[in-house]
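Novice: From the sequence below, what's the structure:
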Amino acid sequence: MRVKICGLTNLNQAQEIVKLGANSIGFICVERSPRYISPEDIKAIAVALPHNIDKVGVFADHSLEEIAKTLKFAKLTSVQLHGAETPDFCDRLRQVLPDQIELIKAFRIKTAASLQDIKGYSNKVDTLLLDAYHPQMLGGTGHTIDWQDLEQFAPSLPWLLAGGLTPNNINDALSRLKPDGIDLSSGVERSPGDKDLTKVTQLFKQLAIVR
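Specialist: Numbering: from 1, shown residues only. Down below sits the predicted model:
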(Lines give C-alpha, C1' and ligand atoms only; values in the text may rest on other atoms or scores of the structure.)
Protein backbone atom coordinates (compact mmCIF):
# COMPACT_ATOMS: atom_id res chain seq x y z
CA MET A 1 0.00 0.00 0.00
CA ARG A 2 1.11 3.51 -0.73
CA VAL A 3 1.68 5.50 2.45
CA LYS A 4 2.04 9.24 2.00
CA ILE A 5 3.02 11.46 4.90
CA CYS A 6 2.29 15.04 3.96
CA GLY A 7 3.31 18.45 5.23
CA LEU A 8 6.99 17.70 5.85
CA THR A 9 9.26 20.64 6.63
CA ASN A 10 12.25 18.96 8.28
CA LEU A 11 14.94 16.86 6.59
CA ASN A 12 15.69 14.60 9.56
CA GLN A 13 12.02 13.86 10.09
CA ALA A 14 11.56 13.08 6.39
CA GLN A 15 14.48 10.64 6.44
CA GLU A 16 13.24 8.90 9.58
CA ILE A 17 9.70 8.64 8.22
CA VAL A 18 11.01 7.01 5.05
CA LYS A 19 13.00 4.54 7.16
CA LEU A 20 9.81 3.67 9.04
CA GLY A 21 8.08 2.75 5.80
CA ALA A 22 6.59 5.76 4.02
CA ASN A 23 6.99 5.63 0.25
CA SER A 24 5.56 9.10 -0.50
CA ILE A 25 6.50 12.40 1.11
CA GLY A 26 4.36 15.49 0.57
CA PHE A 27 5.45 19.13 0.60
CA ILE A 28 2.98 22.01 0.87
CA CYS A 29 3.65 24.70 -1.74
CA VAL A 30 0.67 26.84 -0.69
CA GLU A 31 2.05 29.93 1.03
CA ARG A 32 -1.00 30.54 3.23
CA SER A 33 -0.69 27.07 4.76
CA PRO A 34 0.96 26.67 8.19
CA ARG A 35 2.85 23.75 6.64
CA TYR A 36 4.26 25.80 3.75
CA ILE A 37 7.83 25.06 2.75
CA SER A 38 9.85 27.03 0.21
CA PRO A 39 11.07 25.44 -3.06
CA GLU A 40 14.64 25.81 -1.81
CA ASP A 41 13.89 23.86 1.36
CA ILE A 42 11.89 21.23 -0.55
CA LYS A 43 14.85 20.65 -2.84
CA ALA A 44 17.23 20.22 0.12
CA ILE A 45 15.00 17.44 1.46
CA ALA A 46 14.06 15.86 -1.87
CA VAL A 47 17.63 15.33 -3.06
CA ALA A 48 18.52 13.67 0.25
CA LEU A 49 15.76 11.06 0.01
CA PRO A 50 16.07 7.76 -1.89
CA HIS A 51 15.23 7.87 -5.60
CA ASN A 52 12.35 5.43 -5.22
CA ILE A 53 10.45 7.70 -2.81
CA ASP A 54 7.69 9.86 -4.29
CA LYS A 55 8.28 13.56 -3.65
CA VAL A 56 4.89 15.22 -3.98
CA GLY A 57 4.39 18.97 -4.28
CA VAL A 58 0.94 20.11 -3.13
CA PHE A 59 -0.45 23.12 -5.01
CA ALA A 60 -3.79 24.93 -4.88
CA ASP A 61 -4.94 27.18 -7.71
CA HIS A 62 -1.39 27.96 -8.83
CA SER A 63 -0.63 28.82 -12.44
CA LEU A 64 0.80 26.31 -14.88
CA GLU A 65 4.03 28.28 -14.90
CA GLU A 66 4.36 28.31 -11.11
CA ILE A 67 3.80 24.57 -10.86
CA ALA A 68 6.22 23.71 -13.66
CA LYS A 69 8.91 26.01 -12.25
CA THR A 70 8.65 24.63 -8.70
CA LEU A 71 8.46 21.04 -9.92
CA LYS A 72 11.70 21.35 -11.87
CA PHE A 73 13.62 23.38 -9.30
CA ALA A 74 12.62 21.34 -6.23
CA LYS A 75 13.18 17.93 -7.87
CA LEU A 76 9.60 16.75 -7.30
CA THR A 77 8.25 13.56 -8.84
CA SER A 78 4.52 14.22 -8.37
CA VAL A 79 2.15 17.18 -8.49
CA GLN A 80 -0.95 17.21 -6.26
CA LEU A 81 -3.66 19.73 -7.05
CA HIS A 82 -5.69 20.61 -3.98
CA GLY A 83 -7.68 23.61 -5.16
CA ALA A 84 -10.51 24.24 -7.60
CA GLU A 85 -8.58 23.11 -10.67
CA THR A 86 -10.87 22.12 -13.55
CA PRO A 87 -10.49 19.07 -15.80
CA ASP A 88 -9.35 21.45 -18.55
CA PHE A 89 -6.64 22.87 -16.30
CA CYS A 90 -5.47 19.35 -15.43
CA ASP A 91 -5.37 18.49 -19.12
CA ARG A 92 -3.28 21.56 -19.93
CA LEU A 93 -0.95 20.87 -17.01
CA ARG A 94 -0.55 17.27 -18.15
CA GLN A 95 0.65 18.58 -21.51
CA VAL A 96 3.47 20.63 -19.97
CA LEU A 97 4.59 18.09 -17.36
CA PRO A 98 7.26 15.52 -18.20
CA ASP A 99 5.73 12.12 -18.95
CA GLN A 100 7.12 10.50 -15.80
CA ILE A 101 5.56 13.06 -13.45
CA GLU A 102 2.48 11.82 -11.60
CA LEU A 103 -0.55 14.12 -11.50
CA ILE A 104 -2.79 13.75 -8.43
CA LYS A 105 -6.11 15.57 -8.06
CA ALA A 106 -7.50 16.02 -4.56
CA PHE A 107 -11.21 16.35 -3.84
CA ARG A 108 -12.71 17.69 -0.61
CA ILE A 109 -15.67 15.42 0.11
CA LYS A 110 -18.56 17.11 1.91
CA THR A 111 -21.31 14.57 1.13
CA ALA A 112 -21.73 11.52 -1.08
CA ALA A 113 -22.88 13.90 -3.84
CA SER A 114 -19.38 15.39 -3.89
CA LEU A 115 -18.15 12.18 -5.52
CA GLN A 116 -19.95 13.21 -8.71
CA ASP A 117 -17.35 15.95 -9.18
CA ILE A 118 -14.69 13.32 -9.80
CA LYS A 119 -16.11 11.90 -13.02
CA GLY A 120 -14.74 14.58 -15.31
CA TYR A 121 -11.15 13.93 -14.21
CA SER A 122 -10.87 10.22 -14.97
CA ASN A 123 -8.80 10.65 -18.14
CA LYS A 124 -7.04 13.86 -17.07
CA VAL A 125 -5.02 12.76 -14.02
CA ASP A 126 -3.13 9.70 -12.77
CA THR A 127 -4.31 9.43 -9.18
CA LEU A 128 -7.22 10.64 -7.05
CA LEU A 129 -7.06 11.78 -3.42
CA LEU A 130 -10.15 12.12 -1.24
CA ASP A 131 -9.90 14.55 1.66
CA ALA A 132 -12.40 15.91 4.17
CA TYR A 133 -14.22 19.13 3.41
CA HIS A 134 -13.57 22.19 5.56
CA PRO A 135 -14.93 25.64 4.68
CA GLN A 136 -11.69 27.49 5.46
CA MET A 137 -8.93 24.89 5.14
CA LEU A 138 -7.75 22.98 2.08
CA GLY A 139 -6.22 20.08 3.99
CA GLY A 140 -4.63 18.96 7.24
CA THR A 141 -7.90 19.65 9.02
CA GLY A 142 -7.97 16.60 11.27
CA HIS A 143 -11.56 15.96 10.11
CA THR A 144 -12.56 12.61 8.64
CA ILE A 145 -14.77 11.94 5.65
CA ASP A 146 -17.98 10.05 6.35
CA TRP A 147 -16.54 6.68 5.34
CA GLN A 148 -20.00 5.28 4.71
CA ASP A 149 -20.20 7.62 1.71
CA LEU A 150 -17.15 5.89 0.21
CA GLU A 151 -18.05 2.25 0.74
CA GLN A 152 -19.21 1.86 -2.87
CA PHE A 153 -16.49 4.09 -4.31
CA ALA A 154 -14.64 2.18 -7.03
CA PRO A 155 -12.96 4.57 -9.46
CA SER A 156 -11.03 3.57 -12.56
CA LEU A 157 -7.90 5.29 -11.18
CA PRO A 158 -5.79 4.56 -8.12
CA TRP A 159 -6.98 6.57 -5.12
CA LEU A 160 -5.66 7.72 -1.78
CA LEU A 161 -7.73 8.16 1.36
CA ALA A 162 -6.98 11.27 3.43
CA GLY A 163 -8.85 13.29 6.02
CA GLY A 164 -8.29 12.90 9.75
CA LEU A 165 -6.50 9.56 9.60
CA THR A 166 -4.51 8.62 12.70
CA PRO A 167 -2.80 5.53 14.12
CA ASN A 168 -5.95 5.06 16.22
CA ASN A 169 -8.49 4.95 13.39
CA ILE A 170 -6.51 3.59 10.44
CA ASN A 171 -7.53 -0.03 11.08
CA ASP A 172 -11.20 0.95 11.13
CA ALA A 173 -10.82 2.94 7.91
CA LEU A 174 -9.08 0.13 6.06
CA SER A 175 -11.53 -2.49 7.29
CA ARG A 176 -14.33 -0.53 5.58
CA LEU A 177 -12.60 0.92 2.53
CA LYS A 178 -10.08 -0.33 -0.01
CA PRO A 179 -7.99 2.62 -1.13
CA ASP A 180 -4.74 2.14 -3.01
CA GLY A 181 -3.01 4.30 -0.46
CA ILE A 182 -3.42 6.57 2.53
CA ASP A 183 -2.32 10.14 3.21
CA LEU A 184 -1.70 11.47 6.72
CA SER A 185 -0.66 14.88 7.95
CA SER A 186 -2.20 16.27 11.14
CA GLY A 187 -2.78 12.77 12.50
CA VAL A 188 0.96 12.24 12.95
CA GLU A 189 1.95 15.72 14.09
CA ARG A 190 2.84 17.63 17.25
CA SER A 191 2.06 20.91 15.46
CA PRO A 192 1.67 21.91 11.79
CA GLY A 193 4.77 20.77 9.90
CA ASP A 194 6.37 19.12 12.96
CA LYS A 195 5.83 15.37 12.71
CA ASP A 196 5.65 13.10 15.73
CA LEU A 197 7.85 10.10 14.98
CA THR A 198 6.25 8.13 17.80
CA LYS A 199 2.87 8.49 16.09
CA VAL A 200 4.38 7.55 12.72
CA THR A 201 5.88 4.44 14.32
CA GLN A 202 2.47 3.57 15.77
CA LEU A 203 0.92 4.04 12.35
CA PHE A 204 3.17 1.47 10.74
CA LYS A 205 2.62 -0.97 13.59
CA GLN A 206 -1.13 -0.70 12.95
CA LEU A 207 -0.65 -1.12 9.21
CA ALA A 208 1.34 -4.30 9.85
CA ILE A 209 -1.72 -5.64 11.71
CA VAL A 210 -3.99 -4.78 8.78
CA ARG A 211 -1.72 -6.49 6.31
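
Novice: all strands of the chain, in order?
Specialist: Along the chain, counting by DSSP state E, strands occupy 2-6, 24-28, 54-59, 78-81, 102-109, 127-132, 159-161, 181-184, 189-191, 194-195.

Novice: any chance of these in JSON lines, plus distance to D91, mean neighbour count and mean pLDDT?
Specialist: Backbone N, C-alpha and C define where each C-beta goes, glycine included. Listed next are those as JSON lines, based on distance: least, CB to CB, whole Å; neighbours: other CB atoms under 10 Å; pLDDT from 0 to 100:
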{"stretch": "strand 2-6", "distance to D91": "24", "mean neighbour count": "22", "mean pLDDT": "98"}
{"stretch": "strand 24-28", "distance to D91": "23", "mean neighbour count": "27", "mean pLDDT": "98"}
{"stretch": "strand 54-59", "distance to D91": "16", "mean neighbour count": "24", "mean pLDDT": "98"}
{"stretch": "strand 78-81", "distance to D91": "12", "mean neighbour count": "25", "mean pLDDT": "98"}
{"stretch": "strand 102-109", "distance to D91": "10", "mean neighbour count": "22", "mean pLDDT": "95"}
{"stretch": "strand 127-132", "distance to D91": "15", "mean neighbour count": "23", "mean pLDDT": "94"}
{"stretch": "strand 159-161", "distance to D91": "19", "mean neighbour count": "24", "mean pLDDT": "97"}
{"stretch": "strand 181-184", "distance to D91": "24", "mean neighbour count": "24", "mean pLDDT": "97"}
{"stretch": "strand 189-191", "distance to D91": "34", "mean neighbour count": "13", "mean pLDDT": "96"}
{"stretch": "strand 194-195", "distance to D91": "34", "mean neighbour count": "18", "mean pLDDT": "98"}
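
Novice: okay if I get those strands as TSV plus distance to Q206?
Specialist: Listed next are the strands of the chain as TSV, based on distance: least, CB to CB, whole Å:
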stretch	distance to Q206
strand 2-6	11
strand 24-28	18
strand 54-59	21
strand 78-81	24
strand 102-109	23
strand 127-132	20
strand 159-161	14
strand 181-184	11
strand 189-191	17
strand 194-195	16
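
Novice: list the buried ones in stretch 162-182?
Specialist: 162-167, 170, 173-174, 177, 179, 181-182 (16 or more other CB atoms under 10 Å).

Novice: Now those in a markdown table, please, with extra columns for distance to K195.
Specialist: Output for these, formatted as a markdown table (distance: CB to CB, whole Å):
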| residue | distance to K195 |
| --- | --- |
| A162 | 16 |
| G163 | 18 |
| G164 | 16 |
| L165 | 14 |
| T166 | 13 |
| P167 | 12 |
| I170 | 16 |
| A173 | 20 |
| L174 | 21 |
| L177 | 24 |
| P179 | 21 |
| G181 | 18 |
| I182 | 15 |
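
Novice: Thanks again, I'm all set now.
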